[in-house]
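Participant: predicted coordinates and the sequence they were generated for:
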Amino acid sequence: MSELLDIENLEIDFDTQRGTLHAVRGVTLSVAAGESLGIVGESGSGKTVMSRATMGLLRGKRVKRRGSVRFDGQELLTLSAKEIRGFWGTKISMVFQDPMTALNPVRRIKSQMSEAMVKRLGMPKDQAETRALELLELVRIPDPKAVLDKFPHQLSGGMRQRVMIAMAIACDPKLLFADEPTTALDVTVQAQILELISDLRKRLGMAMVIITHDLGVVANHTDRVAVMYGGEVVELASTKELFTNTKMPYTEALMSSIPRIDAEPGRRLPAIAGTPPDPVEERVGCGFAPRCKYATDKCRTERPQLVDAGNGHLYRCFFPIGGA
Amino acid sequence: MAGTGKAHLASASEDVVLRVDDLVITYGGKADQQVQAVSGVSLDIRQGETLAVVGESGCGKSTLAKGIMRLLEPSSGTVTLMGLDITEKKGEDLRNVRPAMQMIFQDSISSLDPHMKVYSLVEQPLKVWKRGTPEERRAKVKDLLESVGLNPDVVGDRKPTEFSGGQCQRISIARALALEPKLLVCDEPVSSLDVSIQSQILNILQDMKDRYGLSLLFISHDLSVVRAISDRVMVMYLGKVCEVSPSAELTTNPRHHYTHALVSAIPVPDPTKQTGRAVLEGEPPSPANPPSGCRFRTRCPAATDKCAAEEPVLREISPNHFVACHHPRD
């Protein structure tokens, strides 16, 4: 079994006042050990829900989960809340978008960083604090000794995100989920954090899943990319293949609607008309059909399945760009 | 990073809609707690022009916008709208100036009253200013909603909470244009929108600009967005101006080291290009205690002793391209 994480036909429904909300509609994905996978999608595409479900963070009466999520061969979906805690930190770890709210505001950095190491790895407290210092050095925080004694509000957003990353890798996870890790940060700081994450992944041999809405972020920091739309994976390919041989009209539209720094200035952007599909509605045809310029009657009435174009390039479209 | 200097301003003969001279905006009461968020910024916007102000969090770009709109009181400097000095205007005088300058905000959902119907929201400015008869107003609101791509018969009776961020931004734009302003100040209008929606809004702004002959002050942190929409760009750092240039030239040939770092840090969706590089170390210093001389010198790869001692002044380095740096890039 070479895959570290195997997601098969994952479906996540939420019970809402408006009816059943299908946030994730049958996602199949895998992540190999040491690999870097990017998941790209807009708000409501299901990328965050999918990653949280994988982490076992979505539970309760109003959440319905179907399908299978296996980590190193072990099924995660059926684990109890207590059992899945054994995976957190040591096997799977996560960095969240908002470093502001992800850190405990009333505890010093030292105490929140060492907690996981004391509880998970059974380290004595002073040893954990020494390790916390090493980790802060590893994530290139200037003056790490002083930072250990600070509270989160005394640090900038970029520094807080570095602390979050240090905490996430403290117990040597095999897989790191980074959910929009740089969206709240300025562009120069974003570049620093992305370089740091990529560098750490290679040094520590972790696998990583970067979840982002920014195609620019995945272009330089991932091996493979999955594009999500309306709760489904609509295209999956190696990063280079995705950008050079785009099959899915949504991916193409997304790429051309982004204002680019290397594009002609003052050019009118080819915007994608309309809005993403309502996750509550039952879907008849292709989720992107109402906004797709190539859509035919077939697209509006039949559900396209993922098709393999060879070399692991999957797409969900009846009329892929450049032909099937 | 200097910032002082007005070499980039147009001569008096040109058709200038907005002119800002040496604007200083200070936060905090006690002398030792004061922060100069905007520290002597000058700019101008010509008729029909889009000037973008770019910079990272804390550079003072939103403060600048609010100062121009007189939503914040400037400590010194002047704001001149259509040849009229509005810096000292108060009460009714200030109110009379407001229709000529309107603003749209980053968070479009919270900038609309959730209890009002869309029709009333857009009609409100016309009612407040007693423009037209009820029939004329109705026609005007319909026209405005249509021009931002909304069907007035469908959306008119609904409330903002029923709409997405992109649709709320359309409603905000319609409302801001109701009084036919000369100047539209846009503070990060697309930052909280998804990329596919972002381009729709940028296109609408462009259309509205052409249709109403608007001049735009476009505040953004995103140089790629700015390149798509603006004619000229002004880059700010810690309350000062670094560089002012036509937008195409700014991103292809940045002369200020900070602009260069900003451009390099942008990840381009193309795996064959090496982009998104971290040129800069660290983060901006606190604006409460800015470095002496050039404010960027603590992070600048080209900084010398001169940069610490002397504040650089904006100068024209090539036609219409101004930079405030002692040692600009080639």
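Facilitator: Nice, I can see it.
Participant: let me see the contact set for the residue of the stretch 151-300 of chain B found nearest chain A.
Facilitator: Of all residues in the stretch 151-300 of chain B, the one sitting closest to chain A is B:Pro267 (3.2 Å; C-beta to the nearest C-beta). (C-beta placed from N, C-alpha, C; glycine too.) Contacts for B:Pro267 (C-beta atoms under 8 Å, 6 or more residues apart in numbering or on different chains) come out as A:Gln190, A:Ala191, A:Leu194, A:Asp214, A:Gly216, A:Val217, A:Ala219, A:Asn220, B:Thr275, B:Gly276.
Participant: domain map for chain A?
Facilitator: As assigned by automatic domain parsing, chain A contains the domains A:3-91+A:174-262+A:269-315, A:102-172.
Participant: any idea how far the most centrally placed residue in chain A lies from A:Arg52?
Facilitator: Nearest to the mean C-alpha position of chain A, by C-alpha atoms, centre = their mean, lies A:Ile211 at 2.5 Å. Look at A:Ile211 and A:Arg52: by C-beta to C-beta, to the nearest Å, they are 10 Å apart.
Participant: so what's the residue count around A:Asn311?
Facilitator: By the criterion of other C-beta atoms under 10 Å in any protein chain shown, A:Asn311 has 9 neighbours.
Participant: now the closest residue to it other than its chain neighbours: phi and psi?
Facilitator: Leaving aside its sequence neighbours, A:Asn311 sits nearest to A:Glu241 (C-beta to C-beta, 6 or more residues apart in numbering or on different chains; 6.9 Å). Backbone torsions of A:Glu241, given as degrees, to the nearest 10, read phi -60, psi -40.
Participant: what residues sit buried inside stretch B:212-229?
Facilitator: By 16 or more other C-beta atoms under 10 Å in any protein chain shown, the buried positions in stretch B:212-229 come out as B:214-229.
Participant: out of the residues you listed, list just those in strands.
Facilitator: Within the buried residues of stretch B:212-229, residues falling in strands by DSSP state E are B:Ser215, B:Leu216, B:Leu217, B:Phe218, B:Ile219, B:Ser220.
Participant: just the closest of the residues you listed to A:Leu314, please.
Facilitator: Lowest distance from A:Leu314 to these (C-beta to C-beta) belongs to B:Ser220, with 35.7 Å.
Participant: bridged to the closest one, which residues?
Facilitator: Judged by DSSP bridges, the bridge partners of B:Ser220 are B:Val54.
Participant: skipping adjacent residues, who's closest to residue 144 in space?
Facilitator: Chain wasn't specified; assuming chain A. Per C-beta to C-beta, 6+ apart, closest to A:Pro144 is A:Leu136, 3.6 Å.
Participant: please refer instead to chain B.
Facilitator: B:Ala174 (4.2 Å).
Participant: ok, now which ones touch the one you found?
Facilitator: B:Ala174 neighbours (C-beta under 8 Å, 6+ apart): B:Val122, B:Val141, B:Leu144, B:Leu145, B:Ser147, B:Val148, B:Leu150.
Participant: turn the residues you listed into CSV, including neighbour count.
Facilitator: Shown next, in CSV, are these (neighbours: other C-beta atoms under 10 Å in any protein chain shown):
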residue, neighbour count
B:Val122, 30
B:Val141, 23
B:Leu144, 23
B:Leu145, 23
B:Ser147, 17
B:Val148, 22
B:Leu150, 21
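Participant: can you lay out these as TSV showing distance to A:Gln17, pLDDT and secondary structure?
Facilitator: Shown next, in TSV, are those (distance: C-beta to C-beta, whole Å; pLDDT from 0 to 100; DSSP: H, G, I helix; E, B strand; the rest coil):
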residue	distance to A:Gln17	pLDDT	secondary structure
B:Val122	29	97	helix
B:Val141	32	97	helix
B:Leu144	33	96	helix
B:Leu145	29	95	helix
B:Ser147	35	93	helix
B:Val148	30	93	coil
B:Leu150	26	93	coil
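Participant: for the residues you listed, which one is nearest chain A?
Facilitator: Distance to chain A, by C-beta to the nearest C-beta, is smallest for B:Leu150 among the contacts of B:Ala174, at 12.2 Å.
Participant: is it true that that closest one touches B:Gln169?
Facilitator: No. At 11.0 Å, B:Leu150 does not count as touching B:Gln169 under the criterion of C-beta atoms under 8 Å.
Participant: sitting in helices, which of the contacts of B:Pro267 do you find?
Facilitator: Those of the contacts of B:Pro267 mapping onto helices are A:Gln190, A:Ala191, A:Leu194, A:Gly216, A:Val217, A:Ala219, A:Asn220, per DSSP state H.
Participant: is it true that the fifth one touches A:Ile197?
Facilitator: No. No contact is recorded between A:Val217 and A:Ile197 when judged using C-beta under 8 Å, the distance being 10.3 Å.
Participant: quick one on the thing from earlier: wait, is the residue nearest to the centre of chain A part of a strand?
Facilitator: Yes. Under DSSP: H, G, I helix; E, B strand; the rest coil, A:Ile211 falls within a strand.
Participant: how near is it to B:Lys6?
Facilitator: Taking C-beta to C-beta, one finds A:Ile211 at 46 Å from B:Lys6.
Participant: then B:Arg277?
Facilitator: Taking C-beta to C-beta, one finds B:Arg277 at 34 Å from B:Lys6.
Participant: now stretch A:305-313: buried residues?
Facilitator: By neighbour count on 16+ other C-beta under 10 Å, the buried set for stretch A:305-313 is A:Ala309, A:His313.
Participant: circling back to that earlier point, now for A:Val217 and A:Ile197: what residues contact both?
Facilitator: Common neighbours of A:Val217 and A:Ile197 (C-beta under 8 Å, 6+ apart) are A:Ile210.
Participant: where does pLDDT dip in the chain?
Facilitator: By default, I'm working from chain A. For chain A, residues meeting the criterion pLDDT under 70 lie at A:1-2, A:265-267.
Participant: my question was about chain B, not that one.
Facilitator: Applying pLDDT under 70 to chain B flags the ranges B:1-4, B:12-13.
Participant: spatially central, which residue of it would that be?
Facilitator: In chain B, the centroid-proximal residue (C-alpha atoms, centre = their mean) is B:Ile219; its distance is 2.7 Å.
Participant: that one contacts B:Lys66, doesn't it?
Facilitator: No. With contact defined as C-beta under 8 Å, B:Ile219 does not reach B:Lys66; the gap is 9.9 Å.
Participant: contact partners for the residue nearest to the centre of chain B?
Facilitator: B:Ile219 neighbours (C-beta under 8 Å, 6+ apart): B:Ala52, B:Val53, B:Lys61, B:Ser62, B:Leu64, B:Ala65, B:Val185, B:Cys186, B:Asp187, B:Glu188.
Participant: could you pull up phi and psi at residue 186?
Facilitator: By default, I'm working from chain A. The phi and psi values for A:Asp186, taken as degrees, to the nearest 10, are phi -70, psi 160.
Participant: you looked at the wrong chain, it should be chain B
Facilitator: Note on B:Cys186: backbone dihedrals following degrees, to the nearest 10 are phi -110, psi 110.
Participant: kindly provide the distance from it to A:Ala32.
Facilitator: Separation of B:Cys186 from A:Ala32 (C-beta to C-beta): 45 Å.
Participant: so which residues of chain B form helices?
Facilitator: Assigned by DSSP H, chain B shows helices spanning B:61-68, B:91-97, B:118-128, B:134-147, B:152-155, B:165-177, B:195-212, B:223-229, B:247-252, B:257-265, B:305-309.
Participant: with the stretch 1-150 of chain A instead?
Facilitator: A:47-54, A:81-85, A:99-102, A:109-121, A:125-138, A:144-148 (DSSP state H, counting those that start in this stretch).
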